[in-house]
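Participant: what would the 3D arrangement of this be:
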Amino acid sequence: METTIRQNIFENAKKWVYEAGKRIREQMQHEFQINTKSNVNDLVTEIDRSTEQFFANQIRTTYPSHYIISEEGFGDKINDMNGTIWIIDPIDGTMNFVHQKRNFAISIGIYHNGVGEIALIYNVIDDVLYTAIKGEGAYRNRDRLPQLKQDVQLETSILAMNSLFACENRRVNEKKIQQLIIDCRGTRSYGSAALEFAYVAEGIIDAYVTLRLSPWDFGAGLILVREVGGETIQLDGKPVNFLQNNTILTCNPAIRQRILTDYIEWK
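Facilitator: Prediction:
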């Protein structure tokens, strides 16, 4: 993607993210409808849907040749990563949004022919915007994030993970995961994959391990982490697939192999 085109897309995406964040803050002051999807804990609100529709309308009006992968039904049917594709989660962390009114984010990753070009993760309530443009580094608001430290040890690392230890028909060895929790300095769970990726990029946690994420959960975060020297792969060591659910390890490369080798064992 040409630099001028990429910059134009970034500026528009940034403007739309801030506008969507303002709309969310206004809408959440009033009663809103809450529904469930795949199960009683898989929540969606009318604000999720209206926010995604807002982005879809803006993108299709401004960039009619672009495609959209998204969570709430306003995306396109995508069979490959050819062309320019926006991967959108209008509210990542809907359970936090419903119960806490905080700790959720708008997440947008923009890819061109399978290459991550632009990332935006907006912590709506704290008004913190993480951004990245391919080859130009990653930022927290206007502050450039430093490259991840290369001397990190697992014993002094803080890891983020959730409590899901099974995906599809596969299950990890819980005893190995328990040992990982014991061996690292501490664990956290923030309830928003986008923010957990952002915190890895910021260097305030050193890894995020989870057994099931959709492309809209990690599309932006992968780009952000890459721009500070981090890595994002599946738990079997394979590259992520943007067209299906994935297991995910995003981390400081210094502890990647030890996590995969010593603590990830499939039953």
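Participant: what sits against Thr156?
Facilitator: Residues counted as contacts of Thr156 (Cβ atoms under 8 Å, 6 or more residues apart in numbering) are Arg185. The C-beta positions use only the backbone N, C-alpha and C, and glycine is treated the same way.
Participant: give me that answer again for 10 Å
Facilitator: Contact partners of Thr156, counting by Cβ atoms under 10 Å, 6 or more residues apart in numbering, are Cys184, Arg185, Gly186, Asp206, Ile255.
Participant: same check on Ile47?
Facilitator: Ile47 is in contact with 20, 23-24, 26-28, 30, 32-34, 90-91, 94, 97-98, counting by Cβ under 10 Å, 6+ apart.
Participant: relative to Ile78, which of the residues you listed is nearest.
Facilitator: Lowest distance from Ile78 to the contacts of Ile47 (Cβ to Cβ) belongs to Pro90, with 17.5 Å.
Participant: isn't Trp86 up against Ile68?
Facilitator: Yes. Applying Cβ atoms under 10 Å, one finds Trp86 in contact with Ile68, separated by 5.0 Å.
Participant: the two - which one has more neighbours?
Facilitator: For Trp86 versus Ile68, neighbours defined as other Cβ atoms under 10 Å are more numerous around Trp86 (25 against 19).
Participant: and the gap between the more buried one and Leu120?
Facilitator: Noted for Trp86: a distance of 10 Å to Leu120, by Cβ to Cβ, to the nearest Å.
Participant: repeat that for Ala201.
Facilitator: Counting by Cβ to Cβ - Ala201 and Leu120 are separated by 12 Å.
Participant: mind checking which of the contacts of Ile47 are in helices?
Facilitator: Using DSSP state H, Ala20, Arg23, Ile24, Glu26, Gln27, Thr94, Phe97, Val98 are the members of the contacts of Ile47 that sit in helices.
Participant: so where is the chain shaky, pLDDT-wise?
Facilitator: By pLDDT under 70, the low-scoring segments of the chain are 31-44, 163-169.
Participant: thinking again about what came up before, Ala201 and Leu120: which is more packed in?
Facilitator: Each of Ala201 and Leu120 has its neighbours counted (other Cβ under 10 Å); Ala201 has more, 29 against 26.
Participant: for that one, which non-adjacent residue is spatially closest?
Facilitator: Distances taken as Cβ to Cβ, 6 or more residues apart in numbering place Leu224 nearest to Ala201, at 4.4 Å, with adjacent residues excluded.
Participant: do Ile69 as well
Facilitator: Nearest residue to Ile69, sequence neighbours excluded (Cβ to Cβ, 6+ apart): Ile87, at 4.7 Å.
Participant: now for the one you found: which residues touch it?
Facilitator: Neighbour list for Ile87: 67-71, 75, 78, 81, 107-111, 116, 119, 214-220, 222-223, 242 [criterion: Cβ under 10 Å, 6+ apart].
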